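K.L.:
Got a predicted model here, sequence first, then my questions.
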Amino acid sequence: MKKLVIAAMVAALGGPVSAAPLCDDLGFAGLLAKCNRGETIKLTLASGQPLGEDVVLQSGAYYKLEITADGSAELAIEGPSFFRAIWMNEIVINKIEIRPMAVDSIEFDKAGVAELSFIAIKPGSHEIRIPGSTGETQRITVSIQ
């Protein structure tokens, strides 16, 4: 019975499953393999300054999001749609690693850096923004393809 189920699954998939978009061979590390990593996305939280630039990510690839706050104001970012479209590996703040189940927003009361590592999963267009702001430079669009 087990062999029949496996044969049906292979037939339904139409052959072997292809590797993630950035790797030919994921190896032992799987999706976290070094060859599967995209460029780091950098955001700046500073009073009156642009948040960052729009980015396009590949579904199945591993990324880091580096958020730097200069301490000029108490600022946060939010992006529930984005945070639900990714698998969060960890958040690192002051060399402390946090492995959350979910994130809705991150707030900085003073200057600091937070680094989020994740795998982009759900295709679509998602917004990360400073809550309560209306300016075009106070948000970015993250497109997952």
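P.N.:
Here it is on my side, so go on. It should be emphasised that the depicted structure is a prediction, and the values quoted were computed from it without experimental measurement.
K.L.:
which element is Ser81 on?
P.N.:
Element membership for Ser81, per DSSP states H and E: helix 80-83.
K.L.:
residue ranges of the helices in this structure, please?
P.N.:
Using DSSP state H, the helices of the chain run over residues 2-13, 80-83.
K.L.:
so how far is the helix holding Ser81 off the chain centroid?
P.N.:
Helix 80-83 sits 9 Å away from the centroid of its parent chain (C-alpha atoms, centre = their mean, to the nearest Å).
K.L.:
Report the buried residues of it.
P.N.:
Using 16 or more other C-beta atoms under 10 Å as the test for burial, helix 80-83 gives 82-83. C-betas here are computed from N, CA, C, even on glycine.
K.L.:
Give me the mean pLDDT for that helix.
P.N.:
Averaging pLDDT along helix 80-83 gives 95.
K.L.:
Map the structural domains onto the sequence of the protein.
P.N.:
Residue ranges for the domains of the chain, per automatic domain parsing: 1-36, 38-144.
K.L.:
which of the ones you listed has the lowest average pLDDT?
P.N.:
Looking at those, the lowest mean pLDDT belongs to domain 1-36 (a mean of 54).
K.L.:
rewinding a little: what does the helix holding Ser81 contact?
P.N.:
Helix 80-83 is contacted from outside by 102-105, 124, 126-128, 142, using C-beta atoms under 8 Å, 6 or more residues apart in numbering.
K.L.:
Lovely, talk soon.
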